[in-house]
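Undergrad: Here is my input; please provide its structure:
(chains A and B)
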Amino acid sequence: MKCLVTGGNVKVLGKAVHSLSRIGDELYLEPLEDGLSLRTVNSSRSAYACFLFAPLFFQLYQAATPGQDPLRCKILMKSFLSVFRSLVMLEKTVEKCCISLNGRSSLLVVQLHCKYGVRKTHNLSFQDCESLQAVFDPASCAHMLRAPAKVLGEAILPFPLALAEVTLGIGRGHRVILRSYQEEEADSTVKAMVTEMSIGAEDFQQLQAQEGVAITFCLKEFRGLLSFAESANLSLSIHFDAPGRPAIFTITDSLLDAHFVLATLSEPSLNSQDLRSPELCRQAPQLQAHSTCHLDDFANDDIDSYMIAMETTVGSEGSRTLPSISLSPGLQPHCNSGPQSEEEDEAEPSTVPGTPPPKKFRSLFFGSILAPAHSPQGPSPVLAEDSEGEG
Amino acid sequence: MKFRAKIVDAACLNHFTRVSNMIAKLAKTCTLRISPRHLNFILSDKVASGGVSMWCELEQENFFNEFQMEGVSAENNAIYLELTSENLSRALKTAQNARALKIKLTNKHFPCLTVSIELLSVSSSSRIVTHDIPIKVIPRKLWKDLQEPTVPDCDVSIYLPVLKTMKSVVERMKNISNHLIIEANRNGDLNLKIESELVCVTTHFKDLGNPPFASENASQDRNPARMAEVHVDIRKFLQFLSGQQVNPTKAICNIVRNKVVHFDLLHEDVSLQYFIPALS
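TA: Residues are numbered from 1 along each chain as shown, chains lettered A, B, ... in the order given. Predicted coordinates for the structure are as follows:
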């Protein structure tokens, strides 16, 4: 395999590596006929990312030496990242980048041709590997939204960097809601601040989702893809389904496309159910209402809503029992390969008010490409190449 | 108990954000007192944790376009809340180019101070960010610990030099000693002093001036050149200085010999009083 990247595309490649490095420790590099693919998966197998750079992205692209099978390899993310560590350097000094994979020397060679004839050569040792392939299909997801990366980038700006998960949902008036997800701990006295962002549907290029749907996923990986999309000034699509089903984030361009598949929390969280509660609806008023309506909306807010007994501790039982809406049948996860019974078991305890169900991400999108019938049960970390032994 | 308020003016909003940033630097958790005319940020540390106290007061009229509150009862028309000051400052940070900001008391899943911000966006659409800051309502019987501190009769009262200058001096002193001696007299001299076994460092500030009223009620001591000194924890003093991002319009330091040092600052229409007890 040999490919040559020139000009601004070197930085694009570098950016892609940066966002992949937020997910996994190993990078799977696979030259395909339709382009060079860079993939990774995180250690808990709950996040998968894939960039595919089309042959047109490169000045020169040769998937395999003629007469040979294409090689693929697995390298340490750290060592590959170090080549592209400084994006400023890539932009200012690197004129072209040549990546070649040679089976005989067992080395992945990355050469950076810089200004003034400086040439930096990185010889990275690699391991042979099977193809890393997650099983997902954006088309099978019931809900989809698409927006310029800038809109989504601004939307997550209010959230602190330390925040692990965020809930994305559709509120009243088809407003898109992002809310910081807090793990409910029964005895925690220190509550964290809850931040919520509500964006009008008109900021989205496409929005196919009913009001009330919501998923919770990890913010860190999402930030990774988002920063790539923002720098490339592209739109980002989010395909999602019922809670617990993976959410698929995609970027498509003529030269490249990227897929991030993130696990979502499998419980219908209290947080997401709140998206239907009247409280939130007030915050997310009807679409046709223009901006002044929010101010009115504020004035109409029931100031009496807050009345508490003074000298005693505050009981919030009442508010907690309210949002215990059980999932409507339409929202039940329709699993093709996932373990059906487990889903149902989990849905039950959540209907008991005040009992927070255990937080659980699952890695169900790692169904094997070799034996799709034997997809891993639960979160056991089984990669495609290993699952043969199971069957 | 009810409270809601609204800011639409950008300058007021920035000013309020600056105040909240200052509070976040001065105190990890603070008490917010809401009364019909004023907002107060209060810190009253236990003696065990340093005994620093703070009383920051702003007039609501100068900030809010709308302000409605109803206290615990007609005769006790106030609300006392405890909150993490960083939460408030973080919430206000997102309001940098906001069209309007509203603050209200709510009880969503837990008692909250809800800050909702309507952002300006490029398109005509509106974006709303809502922050629910968890609070604890402070019961009536604890209010007495959170009253405006009385300023003790001081030995010396003096205007402070530029706070940034003091900060850079104290930052370096901190590397040598944990104790700082602040001393001043009624001739406008202020000294910051550290002493260790090996070295004694003093920074002298001259001709700072003394507020006029102080010389009148100055006690029996008739010698204006006599220094009044107080030993304080250098970190507490540095924390106070770090909180002052903008040099105040007025800054006075009152020293009660070997008891307490009291700082009285005025930032436009926000007043801040800060007390650091003397080390014994």
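Undergrad: Pretty sure A:L32 sits against A:Q62.
TA: No: contact between A:L32 and A:Q62 fails when scored by Cβ atoms under 8 Å: they sit 12.0 Å apart. From N, CA and C alone the C-beta is placed, and that goes for glycine too.
Undergrad: And the chain, what are its domain boundaries?
TA: Let's take chain A. With domains defined by the TED database, chain A comprises A:2-128, A:143-185+A:193-265.
Undergrad: The chain in question should be chain B.
TA: With domains defined by the TED database, chain B comprises B:2-145, B:156-277.
Undergrad: re earlier: so which of the domains of chain A is nearest chain B?
TA: Ranking the domains of chain A by their distance to chain B (criterion: Cβ to the nearest Cβ) puts domain A:143-185+A:193-265 first, at 3.6 Å.
Undergrad: Endpoints of the closest one, how far apart?
TA: 16 Å (Cα to Cα, to the nearest Å).
Undergrad: Does that domain reach chain B?
TA: Yes: using Cβ under 8 Å from any Cβ of the partner chain, domain A:143-185+A:193-265 reaches chain B at A:154-155, A:157-158, A:160, A:193-200, A:202-203.
Undergrad: Among the residues you listed, which are located in helices?
TA: Under the assignment DSSP state H, the residues of domain A:143-185+A:193-265 next to chain B contribute A:E154, A:A155 to helices.
Undergrad: what sits against B:L192?
TA: Shown in contact with B:L192 (Cβ atoms under 8 Å, 6 or more residues apart in numbering or on different chains): B:M166, B:V169, B:V170, B:M173, B:L180, B:I181, B:I182, B:T202, B:T203, B:F205.
Undergrad: Actually, B:L142.
TA: Applying Cβ under 8 Å, 6+ apart, the residues contacting B:L142 are B:Y80.
Undergrad: sec struct for it, please.
TA: Recorded secondary structure, B:L142: helix (DSSP: H, G, I helix; E, B strand; the rest coil).
Undergrad: Let me know the pLDDT of it.
TA: Model confidence at B:L142, given as pLDDT, is 88.
Undergrad: Check B:R222 too.
TA: Note on B:R222: pLDDT of 69.
Undergrad: cool, B:L241 as well?
TA: Per-residue pLDDT puts B:L241 at 93.
Undergrad: cool, A:A134 as well?
TA: Looking at A:A134, its pLDDT is 80.
Undergrad: Going along the chain, name the strands of the stretch 1-150 of chain B.
TA: Remark: strands assigned in the stretch 1-150 of chain B by DSSP state E, counting those that start in this stretch are B:2-7, B:29-34, B:38-44, B:53-59, B:66-70, B:79-84, B:98-107, B:111-119, B:127-134, B:136-137.
Undergrad: got these as a markdown table, with mean pLDDT, distance to A:E221 and mean neighbour count columns?
TA: Shown next, in a markdown table, are these (pLDDT from 0 to 100; distance: least, Cβ to Cβ, whole Å; neighbours: other Cβ atoms under 10 Å in any protein chain shown):
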| stretch | mean pLDDT | distance to A:E221 | mean neighbour count |
| --- | --- | --- | --- |
| strand B:2-7 | 93 | 36 | 20 |
| strand B:29-34 | 93 | 33 | 21 |
| strand B:38-44 | 92 | 38 | 20 |
| strand B:53-59 | 93 | 41 | 20 |
| strand B:66-70 | 93 | 41 | 17 |
| strand B:79-84 | 93 | 28 | 20 |
| strand B:98-107 | 91 | 29 | 23 |
| strand B:111-119 | 92 | 25 | 23 |
| strand B:127-134 | 92 | 22 | 24 |
| strand B:136-137 | 92 | 35 | 18 |
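Undergrad: would CSV of these with distance to chain A be doable?
TA: Listed next are those as CSV, based on distance: least, Cβ to the nearest Cβ, whole Å:
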stretch, distance to chain A
strand B:2-7, 5
strand B:29-34, 10
strand B:38-44, 17
strand B:53-59, 21
strand B:66-70, 7
strand B:79-84, 8
strand B:98-107, 5
strand B:111-119, 5
strand B:127-134, 4
strand B:136-137, 6
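Undergrad: From one end of stretch B:45-53 to the other, what's the distance?
TA: Distance between the two ends of stretch B:45-53: 6 Å, counting by Cα to Cα.
Undergrad: what do you get for stretch B:186-201?
TA: End-to-end distance of stretch B:186-201 (Cα to Cα): 22 Å.
Undergrad: pLDDT below threshold where in the chain?
TA: Using chain A here. Low-confidence segments of chain A (pLDDT under 70): A:184-190, A:267-391.
Undergrad: wait, I meant chain B there
TA: Looking at chain B by pLDDT under 70, you get B:47-49, B:121-124, B:213-222.
Undergrad: got the residue ranges for the helices in the chain?
TA: Because you didn't say which chain, this covers chain A. Using DSSP H, the helices of chain A run over residues A:8-21, A:77-83, A:87-92, A:149-155, A:219-232, A:270-273, A:278-283, A:292-300, A:317-321, A:340-347.
Undergrad: my bad, chain B
TA: Secondary structure of chain B (DSSP H): helices at B:10-26, B:85-93, B:163-173, B:212-216, B:234-242.
Undergrad: can you give me the strands for the stretch 51-200 of chain A?
TA: For the stretch 51-200 of chain A, the strands defined by DSSP E, counting those that start in this stretch occupy A:60-62, A:73-76, A:94-102, A:107-114, A:119-125, A:127-128, A:143-148, A:165-170, A:176-180, A:194-199.
Undergrad: Dump the ones you listed to TSV, plus mean neighbour count.
TA: Below are these laid out as TSV (neighbours: other Cβ atoms under 10 Å in any protein chain shown):
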stretch	mean neighbour count
strand A:60-62	16
strand A:73-76	18
strand A:94-102	20
strand A:107-114	18
strand A:119-125	13
strand A:127-128	10
strand A:143-148	19
strand A:165-170	24
strand A:176-180	24
strand A:194-199	25
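Undergrad: Lovely, talk soon.
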